[in-house]
Every structure is written in C-alpha cells, then in structure tokens.
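Enquirer: Quick one: sequence plus predicted model below, questions after.
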Amino acid sequence: MRMHTRAALAAAIAAAALTGALLASTAAAPEDRAPAVFATAAGRAPVSKACIASLEADIGAGTTALMTLSTSGPTVTFKNGPGHPVPSLGKLDRKHPKLPASAGIYAEILKPYGTAPQLRTKVEGGPRAQYQVQDFPKLPKGCKVTGTK
C-alpha cells in the first residue's frame, strides 16, 4: 500500500472511531444520564422531565395533537401527517386554551386549570360533526399540577 493511501485510511478509521465514541455518549440509557431540569419563570419551581407526561393523538385530516401535561399545566402542539410541526396552528396552553376561528379547525383545552384537562377537537365533517374529546395523560405518581382550581 502506498504511504498516502495508508494515511488516508488511518484518518478515515480515526474519524469513524471518534464519531462512534461521540454518538455512544449521547445515546446512553436514560437511567445513566442525570435528569434534565428546565428553567421556569421566577418564583416557580423547576420542572424535571420526571414530571412531564405526553400523548400524541390523531385528531383527523392527517393531523396529530401532541398533548403534554407538566406541573405548570397542559400544552398542545399540532403536527401534520409526516410528523412536522404546523406553526400556523400555534400552541395551546393555559393562557391560550382555544384556537381562533380563523385556524380552520376547532381545538380547545377543557379545564386548563383543572387536575384532569381534556382536548376537544373537530377537524372535519362540517357543522353537524361530533366533537372529539381526549383526556390528557396523567402525571407520574408524586407529581402535581400547580395553579389548579
């Protein structure tokens, strides 16, 4: 083998080994990693991933709703068929529990300040179609939603 071929081969092997080592460190099992903590507004306790529950529900017309419940309350984001976010629909939360009529679909968080919120939607079927109601997932044992009524 020629010298410059050996050098190129050695460099490629070293790059592959380094890439594998970097990927292995980020792919550690969740129990091997420290729990992530998210910063919150002043005066609120931090929320850890252990106190977040998510559920993805098909709401019709190729749209899914990612319903997340954390200690700070419920949130909903919307995705299209391939799983890409739909920014035009925005995000629902306690401050904005209902999509505007201009959104083209109906979506509202029922009981956003309660302990068992629900998502009410109507995406297709016209004015006589039934609404769908989906329960948010429950928080893990030991976690509580703050600011409930």
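Expert: Happy to help now that I have it.
Enquirer: shaky segments in this protein?
Expert: The model of the chain has pLDDT under 70 over residues 1-49.
Enquirer: Quick one: list the elements packing against the helix or strand where residue 68 lies.
Expert: Following DSSP states H and E, one finds residue 68 within strand 63-70. Judged by 3 or more Cβ pairs under 8 Å, 6 or more residues apart in numbering; DSSP states H and E, strand 63-70 is in contact with strand 52-60, strand 73-79, strand 118-122. The way it works is simple: take the backbone N, C-alpha and C, and place the C-beta from them, glycine included.
Enquirer: mind listing the strands for the chain?
Expert: Assigned by DSSP state E, the strands in the chain fall at 37-38, 47-48, 52-60, 63-70, 73-79, 91-92, 106-110, 118-122, 132-135.
Enquirer: out of these, nearest to residue 99?
Expert: strand 106-110 (4.7 Å; Cβ to Cβ).
Enquirer: still on that earlier bit, which one of the helices and strands packed on strand 63-70 is the most hemmed in?
Expert: Compared across those, strand 73-79 shows the largest average neighbour count, a mean of 22 (mean count of other Cβ atoms under 10 Å).
Enquirer: Touching, residue 106 and residue 119? I think so.
Expert: No. Using Cβ atoms under 8 Å, residue 106 is not in contact with residue 119; the gap is 10.7 Å.
Enquirer: As CSV, the strands of the chain with distance to residue 100 would be great.
Expert: Output for those, formatted as CSV (distance: least, Cβ to Cβ, whole Å):
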stretch, distance to residue 100
strand 37-38, 28
strand 47-48, 28
strand 52-60, 17
strand 63-70, 16
strand 73-79, 14
strand 91-92, 11
strand 106-110, 10
strand 118-122, 14
strand 132-135, 19
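Enquirer: out of those strands, nearest to residue 147?
Expert: The minimum distance between residue 147 and the strands of the chain falls on strand 73-79, with 6.6 Å, by Cβ to Cβ.
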